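Peer 1: predicted model and sequence below, questions to follow.
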Amino acid sequence: MNRLTHYAAGGGCACKIPAGELEEVLAGFGLAAPERPAGELMVGMETGDDAAVVRIEGGTAIVSTVDFFTPVVDDAYDWGRIAAANALSDVYAMGGRPLVALNLLCWPRETLPYEIAREVLRGGAEIARQAGCHLAGGHSITDAEPKYGMAVTGLADPARLMRNDMGRAGLPISLSKPLGLGVLNNRHKVTGEAFPQAVETMTRLNAEASQAALEAGVECATDVTGFGLLGHLYKLARASGVTAVVDAAAVPLLAGAREAVRDGYVPGGSRRNLDWVAPHTDTRSVDDETMILLADAQTSGGLLLAGEIPGAPVIGELIPRDSHPVVIRG
């Protein structure tokens, strides 16, 4: 049997529709307000935030999100864990706590045995258990490519949400996980080399970082996934009306990430990210290798915060809006 990653053209969050193309699809897309809604929509499609948020009676906010993707590693159990952690991350990025999740499984049942699907689901269930999140069924279909993820519902305090449009000039920028997941995952897919540091990073929940951010009074955050650090930072800066200045030397990288770029293991999603943000970014004297890493398509990456928390390095600051939404300094 071929390796699991060879059943998919893309891998992980690098298989997302490119951000620029998605924005073209959604341009001018409006939704009619529902009749007699059961709650107030607090966060919707306007700024491309991580999840939708609805406030209901009793002062509670419901956080709703969905995420799924093709295999990013060959180990089925690890893929399940990674996909689940990635889906839960959107709730943490909003300052919420996961409540219940539903599995989403697409499976090529004629080419991949169900024993592998069972391992994927077992991995997802383990992460849900760690998160204190109920797992209650889901939905499955036959598909030519294997895909797995979750639809997640969480709870939050509507007065303590973290949003991508709440950045203010003068705030530091922090990042809770290192970059390099996209290039290491691509190297794994091509060569079969194992990168346990990448698996550990992708399966680590963003729960502690989210809680620390709430305790620190952080109001602006997003998570770093398929659009890369630069893509998600550009969306944050644009939504908040500020410029984000990044110190490239301060951005943490996984061991082996630079070598993977130098050896040519750059996923197409990372290059598309860079093409999208380049017109909006002042790169100064930053080299091409560093720019690829800053745009690298992450899977289950860390939280990007307008504020400081323990254990997350400060990588830059927000300043009043300049000629570019993002400025990179070498």
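Peer 2: That came through, no problem.
Peer 1: where exactly do the helices run in the chain?
Peer 2: In the chain, the helices defined using DSSP state H lie at 19-26, 76-93, 114-131, 181-191, 196-203, 207-215, 228-240, 257-262, 268-277, 288-295.
Peer 1: go through those helices and find the least confident stretch.
Peer 2: Lowest mean pLDDT within the helices of the chain: helix 19-26, at a mean of 72.
Peer 1: contacting residues around the spatially most central residue of the chain?
Peer 2: When Cα atoms, centre = their mean is applied to the chain, the residue found nearest the centroid is Thr225 (2.7 Å). When contacts are counted by Cβ atoms under 8 Å, 6 or more residues apart in numbering, Thr225 is found next to Cys13, Lys16, Asn86, Ser89, His232, Ala297, Gln298, Thr299, Ser300, Gly301. No exception for glycine: its C-beta is placed from N, CA and C like everyone else's.
Peer 1: care to break this protein down by domain?
Peer 2: Domain ranges of the chain: 4-160, 172-329, per automatic domain parsing.
Peer 1: out of the ones you listed, deepest packed?
Peer 2: Greatest average neighbour count among the domains of the chain goes to domain 172-329 (a mean of 21), per mean count of other Cβ atoms under 10 Å.
Peer 1: hang on, the earlier thing: turn the helices of the chain into JSON lines, columns for distance to Tyr148.
Peer 2: Listed next are those as JSON lines, based on distance: least, Cβ to Cβ, whole Å:
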{"stretch": "helix 19-26", "distance to Tyr148": "21"}
{"stretch": "helix 76-93", "distance to Tyr148": "5"}
{"stretch": "helix 114-131", "distance to Tyr148": "5"}
{"stretch": "helix 181-191", "distance to Tyr148": "15"}
{"stretch": "helix 196-203", "distance to Tyr148": "14"}
{"stretch": "helix 207-215", "distance to Tyr148": "21"}
{"stretch": "helix 228-240", "distance to Tyr148": "22"}
{"stretch": "helix 257-262", "distance to Tyr148": "25"}
{"stretch": "helix 268-277", "distance to Tyr148": "18"}
{"stretch": "helix 288-295", "distance to Tyr148": "26"}
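Peer 1: including distance to Met166, could the domains of the chain go into TSV?
Peer 2: Putting those into TSV (distance: least, Cβ to Cβ, whole Å) gives the following:
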stretch	distance to Met166
domain 4-160	10
domain 172-329	4
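Peer 1: looking at Gly12 now. What's its pLDDT?
Peer 2: 58.
Peer 1: next: Asp282.
Peer 2: Reported pLDDT for Asp282: 94.
Peer 1: how about the contacts made by it?
Peer 2: With Cβ under 8 Å, 6+ apart, Asp282 has these contacts: Asp322, Ser323, His324, Val326, Val327, Ile328.
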